[in-house]
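S.K.: when you get a sec, could you give me coordinates for this:
(one chain, ligands or ions: 1)
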Amino acid sequence: MSKYQAIRGTKDILPAESVQFQRLESAARALFARYGYAEIRTPTFEAVDLFQRSLGETTDVVQKEMYLFEDRGGRKLALRPEGTAGVVRAFIEHHLSQSLPYCKLFYVGPMFRAERPQAGRYREFWQIGAEYFGNAGPAADAELLALVDALFLALDIRDVRLRINSIGDQECRPKYLAALRTYLTKRSVELCEDCQRRLDKNPLRALDCKTDSPKLKDAPTIDAYWCAPCRAHFAAVGQLLTDSHVAFETDPRLVRGLDYYTRTIFEVTTKVLGAQDALAAGGRYDKLVKDLDGPDVPALGFAMGMERTIQASQAAAPKIVTATPFVFVAAMGEAASRVAYQTLQMLRHSPELVKINLRAEGDFFEKKLGAQLTIADRIGATHCVILGEDEVQKGEVTLRTMNTSSQERLAQKDLVSKLLAVSNLA
Ligand code: HAM
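M.R.: Model (predicted):
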């Protein structure tokens with residue numbers, strides 16, 4: 001065994017799993033198109049400062065989990081721990097608020113967090129995410145949640161729970177935080193070191209802390225502190241979700257690990273995974289664009305963890321629904337090899353066969369015919385095209401159907417139509 005292995009917390013996505021990633025990605029792309037989202041690709045690293053300012057100085061992600069480095073020019077950079085900050089930076093940098101009345105962007109890519117690796121928690125993981133700029137109304141929140149709901153449905157993941165809450169705005173949240181701080185201060189001896197330290201700047205984190213939250217059952221909850229506009233916004237979101245048959249629960253104790261949120265926040269969890277049960281999460285962040293020196297544009301978004309979602313879907317590799325033939329080309333002898341090679345390339349590029357996505361392989365003509373057929377069998381070819389001296393002389397091929405081992409001779413010129421007929425029959 002080589003001494004080189006994938007770095008702890010990272011993993012190789014081998015072909016069988018890649019298929020699952022593709023399936024998830026194409027389901028998401030199809031939905032994004034229907035909801036009017038266009039793709040954005042931002043760099044995998046940004047200035048550290050961007051993340052500190054947007055995610056919040058006291059968050060776990062910023063304090064403990066960023067991969068930090070200095071480049072050769074002495075710039076302080078970080079591998080992106082999430083996608084929102086970079087997308088917001090790009091939105092501001094390219095003046096996207098000026099070109100259209102609103103802007104809907106989605107992304108697919110790897111994120112990096114130096115968390116303690118465990119099942120479902122990686123140091124490099126993939127997210128599919130979306131950000132919606134320029135709509136402050138509750139219908140935008142409901143629509144985003146409907147999209148998330150539809151995505152899980154499209155993936156046939158039904159055992160999910162969508163919890164929503166509002167963490168208020170600059171009007172009502174400070175009042176709630178003051179009340180929570182008072183409550184926590186009274187119990188500070190019971191809190192873990194992290195929460196004690198953050199009590200002042202970020203008391204909300206205690207509600208999300210695995211050690212402390214069970215002890216804080218009687219902590220004040222935000223719903224008692226919402227100002228009238230936040231209360232009305234949240235009620236309207238709930239009403240629209242009910243109207244559109246999106247199942248959800250309200251949870252006044254739900255908080256998020258990133259600081260940029262205002263009003264609606266949400267999380268999608270599943271019972272089928274272990275401790276790392278969050279499949280997707282997000283919310284509104286009406287002040288972030290302005291806080292990063294951009295225009296005063298409200299926004300909201302979500303991100304879904306691809307590895308966890310794939311694990312939850314437990315979908316077997318998608319069944320091949322079209323029975324498109326998978327052809328292996330074999331040859332005996334030098335002259336036949338040349339014709340076989342041309343046949344192989346013809347099968348890959350013939351316009352009719354391109355249309356049915358026919359897969360063709362071969363290229364092992366120097367091996368004995370038996371060995372070539374063994375390869376065909378092992379890679380799962382449905383048919384073998386065999387060329388020997390006799391076939392070449394007569395302008396014919398032998399077509400072997402692998403599962404029945406039956407063979408027939410046909411003219412080379414009829415091969416394409418024969419394969420098309422086979423694919424139609426199935
Ligand atoms: P987040 O809750 O930090 O939100 O991450 C979103 C999802 O990414 C999680 O629900 C989880 O499925 C996945 N995830 C997070 N960390 C890991 C990890 N270490 N290993 C595997 N999967 C992980 C955000 O990132 C926000 N940017 C979402 C958002 C977009 N809010 C507004 N717009």
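S.K.: ok, the closest residue to residue 244 other than its chain neighbours - contacts?
M.R.: For residue 244, ignoring the flanking residues on the chain, the nearest one in space by Cβ to Cβ, 6 or more residues apart in numbering is residue 146 at 5.6 Å. (Each C-beta comes from the backbone N, C-alpha and C, glycine too.) Listed by Cβ atoms under 8 Å, 6 or more residues apart in numbering, the contact set of residue 146 reads 241, 244, 246.
S.K.: quick one: contacts for residue 300?
M.R.: Going by Cβ under 8 Å, 6+ apart, residue 300 touches 131-132, 135, 140-141, 144, 264, 282-286.
S.K.: anything in stretch 56-68 near the ligand?
M.R.: No. Taking Cβ under 6 Å from any ligand atom as the criterion, stretch 56-68 and the ligand are apart, separated by no less than 7.0 Å.
S.K.: quick check, nearest of the contacts of residue 300 to the ligand?
M.R.: In terms of Cβ to the nearest ligand atom, no member of the contacts of residue 300 lies closer to the ligand than residue 282, at 3.6 Å.
S.K.: quick one, phi/psi of the closest one?
M.R.: Per-residue torsions, residue 282: phi 170, psi -160 (degrees, to the nearest 10).
S.K.: do you know how far the closest residue to residue 123 other than its chain neighbours is from the ligand?
M.R.: In space, and not counting its chain neighbours, residue 123 is closest to residue 9: 2.9 Å by Cβ to Cβ, 6+ apart. To the ligand, residue 9 is 8 Å away according to Cβ to the nearest ligand atom, to the nearest Å.
S.K.: might one say that residue 9 is in contact with residue 118?
M.R.: No. The pair residue 9 / residue 118 is not scored as a contact, 9.3 Å apart, by Cβ atoms under 8 Å.
S.K.: which of these two has more residues huddled nearby?
M.R.: The neighbour comparison of residue 9 against residue 118 (other Cβ atoms under 10 Å) goes to residue 9, with 17 against 11.
S.K.: ok, that one - contacts?
M.R.: 114-115, 117, 121-124.
S.K.: out of the contacts of residue 146, which are inside helices?
M.R.: Using DSSP state H, residue 241 are the members of those that sit in helices.
S.K.: can I get the contacts of residue 146 in CSV with distance to residue 327?
M.R.: As requested, the contacts of residue 146 are exported to CSV (distance: Cβ to Cβ, whole Å):
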residue, distance to residue 327
241, 50
244, 47
246, 46
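S.K.: quick check on the contacts of residue 146: which are buried?
M.R.: 241, 246 (16 or more other Cβ atoms under 10 Å).
S.K.: make CSV out of the contacts of residue 146 and add distance to the ligand and pLDDT.
M.R.: Shown next, in CSV, are the contacts of residue 146 (distance: Cβ to the nearest ligand atom, whole Å; pLDDT from 0 to 100):
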residue, distance to the ligand, pLDDT
241, 18, 97
244, 21, 94
246, 18, 97
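S.K.: so which of the contacts of residue 146 comes closest to residue 79?
M.R.: For residue 79, the nearest member of the contacts of residue 146 is residue 246. The distance, counting by Cβ to Cβ, is 34.1 Å.
S.K.: pretty sure the closest one sits against residue 162.
M.R.: Yes. The pair residue 246 and residue 162 passes the contact test of Cβ under 8 Å, sitting 7.2 Å apart.
S.K.: now do the shared contacts for those two.
M.R.: Common neighbours of residue 246 and residue 162, counting by Cβ under 8 Å, 6+ apart, are 145, 149.
S.K.: what parts of this protein come near the ligand?
M.R.: 82-84, 113, 115, 121-122, 125, 127, 129, 131, 257, 278-283, 301-303, 305, 307-308.
S.K.: what sits against residue 266?
M.R.: Going by Cβ under 8 Å, 6+ apart, the list of residues near residue 266 reads 145, 148, 162-165, 248, 254, 281-283, 302.
S.K.: out of those residues, the closest to residue 378 would be?
M.R.: Nearest member of the contacts of residue 266 to residue 378, counting by Cβ to Cβ, is residue 148, at 41.4 Å.
S.K.: hang on, the earlier thing: now the buried members of the residues of the chain next to the ligand.
M.R.: Members of the residues of the chain next to the ligand classed as buried by 16+ other Cβ under 10 Å are 82-84, 113, 115, 121-122, 125, 127, 129, 131, 257, 278-283, 301-303, 305, 307-308.
S.K.: test my guess that residue 184 contacts residue 202.
M.R.: No. Using Cβ under 8 Å, residue 184 makes no contact with residue 202, being 10.8 Å away.
S.K.: measure residue 60 to residue 110 for me?
M.R.: Residue 60 sits 19 Å away from residue 110, going by Cβ to Cβ, to the nearest Å.
S.K.: look at the two and report which has more neighbours.
M.R.: residue 60 (20 against 15).
S.K.: how about the nearest residue to residue 290 once chain neighbours are set aside, secondary structure?
M.R.: Leaving out its chain neighbours, the residue that sits closest to residue 290 by Cβ to Cβ, 6+ apart is residue 296, at 4.7 Å. When classified by DSSP: H, G, I helix; E, B strand; the rest coil, residue 296 comes out as coil.
S.K.: the strands in the stretch 151-300 of the chain, which residues?
M.R.: Listed in chain order, the strands found in the stretch 151-300 of the chain under DSSP state E, counting those that start in this stretch are 160-166, 249-250, 264-270, 278-284, 299-305.
S.K.: with mean pLDDT added, can I get these in CSV?
M.R.: Listed next are the strands of the stretch 151-300 of the chain as CSV, based on pLDDT from 0 to 100:
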stretch, mean pLDDT
strand 160-166, 97
strand 249-250, 98
strand 264-270, 97
strand 278-284, 98
strand 299-305, 98
